[in-house]
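A.B. asks: Need the 3D shape of this:
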Amino acid sequence: MKELTLPEIGKLDKEVFEKVVFPNLGKRDERVIIKPRHGVDAGVIDLGERVMVVAEDPTFGMPVLLPDFGWAIVHICASDVAVLGVKPEFMTISLLLPPGTKGEEFEFIWQQIHSECQKLGIAIVGGHTGVYPGISYPLNGGCTVWGFGKREELTPPSNAKVGDKVLITKGPAIEATGILALQAEEELVKALGKERQEKAKRLFFQMTVVKDALTARHYAHAMHDATEGGLLNGLYEVADASNTGIEIWEEKIFIPDEVQAVCEYFQIDPLISISEGTLIITAPEENLPPLLSALQAEGIAAFVIGEIKETERVFIRKDGRREELTPVKVDPFWNAYFSTLGK
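C.D. replies: Model (predicted):
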């Protein structure tokens, strides 16, 4: 029997998920119409006239995130519901604090969570909060967000159709760039200049696709947030979940200058680096004009980068080379991030 190998850090890969998690999901219930699947952002429960979309995410209290930890918790968790075309409405949260946390530090985080939930129209209905050993920084041990919609209006990653055009918002490596620009601020100011570093740092607040997804939902077949493994991994996950092929054109992928600069400095590939905030959309060609217009009206940059095909999953490089699109095994962001600690 092949030994089960877990990643050193990050989400479990597809092989581990399908061997251990997927076959063991408790009671079988026919009301669960979108069940756990690798690369699918949320589950869906059929309630009759409506469906409930529910998702859960942790958020790690990296030191650099702490001034905006509450913001990150809400937007990262709410994004996974929004990508299915449903407005996030309710939340529970397990906020765990290390011994020695000061009361004002907890209050600051909680007020931020409250404020962002108010802005997005999310009610906090329960959870668990406490101080526990074994953690070094505040930790969102599990934030569950859910909302309600109509079954026929859902836009899960598994709903891409052959012939759909593939779009992305903002560009790749949004999360990797924003976090590294905050974590290595002094280092990057020296290497890249203050203006470019500030632009990169501001990408932290682009680590959300709530507005992107709620703007695009009426025109899309499928949507997906490009998280660990970055853009190329997210594109593979859409094709895999939809049982389709996909063709992606490197020359059409816009990489913002500050993203290119930070990724080059840390020697990581922006196309496979974590990118919470990049929304992948598949939509019929006739929907492109109103979709692009709606996104533009919200100040969200979007680019057509490929097409959903029958079977072949291919990434066409700028020089014309055709490469098979495969899952990303290791996200290079993590080594880059840990290299900045202690400097």
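A.B. asks: Trp334: which element?
C.D. replies: Secondary structure from DSSP states H and E places Trp334 in helix 333-340.
A.B. asks: same deal with Thr59?
C.D. replies: Thr59 belongs to strand 51-60, assigned by DSSP H and E.
A.B. asks: Describe which strands that strand pairs with in its sheet and in which direction.
C.D. replies: Strand 51-60 has the following sheet partners, assigned by DSSP bridges: strand 43-46 (antiparallel), strand 139-149 (antiparallel).
A.B. asks: just to revisit the earlier point, I'd like to know which elements the helix holding Trp334 is packed against.
C.D. replies: helix 174-183 (3 or more CB pairs under 8 Å, 6 or more residues apart in numbering; DSSP states H and E). Quick note: C-beta positions are derived from backbone N, CA and C, even for glycine.
A.B. asks: now the helix it packs on and helix 333-340, what's the angle there?
C.D. replies: 0 degrees (axes from the mean of the first three to the mean of the last three CA atoms, to 10 degrees).
A.B. asks: May I have helix 174-183 exported as PDB, CA atoms only?
C.D. replies: Backbone C-alpha positions of helix 174-183 (Å, rounded to 0.1, in the frame of the first residue of the first chain) are rendered in PDB as follows:
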ATOM      1  CA  ILE A 174      -2.500  39.100  -5.400                       C
ATOM      2  CA  GLU A 175      -2.300  37.500  -1.900                       C
ATOM      3  CA  ALA A 176       1.400  36.500  -2.200                       C
ATOM      4  CA  THR A 177       2.400  40.000  -3.300                       C
ATOM      5  CA  GLY A 178       0.300  41.800  -0.700                       C
ATOM      6  CA  ILE A 179       1.500  39.700   2.200                       C
ATOM      7  CA  LEU A 180       5.200  39.700   1.200                       C
ATOM      8  CA  ALA A 181       5.100  43.500   0.600                       C
ATOM      9  CA  LEU A 182       3.900  43.900   4.200                       C
ATOM     10  CA  GLN A 183       6.200  41.300   5.700                       C
END
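A.B. asks: Would you work out how far apart the start and end of stretch 218-236 are?
C.D. replies: 23 Å (CA to CA, to the nearest Å).
A.B. asks: Helices of the stretch 101-250 of the chain, start to end?
C.D. replies: 103-120, 174-183, 185-192, 194-202, 210-216, 230-242 (DSSP state H, counting those that start in this stretch).
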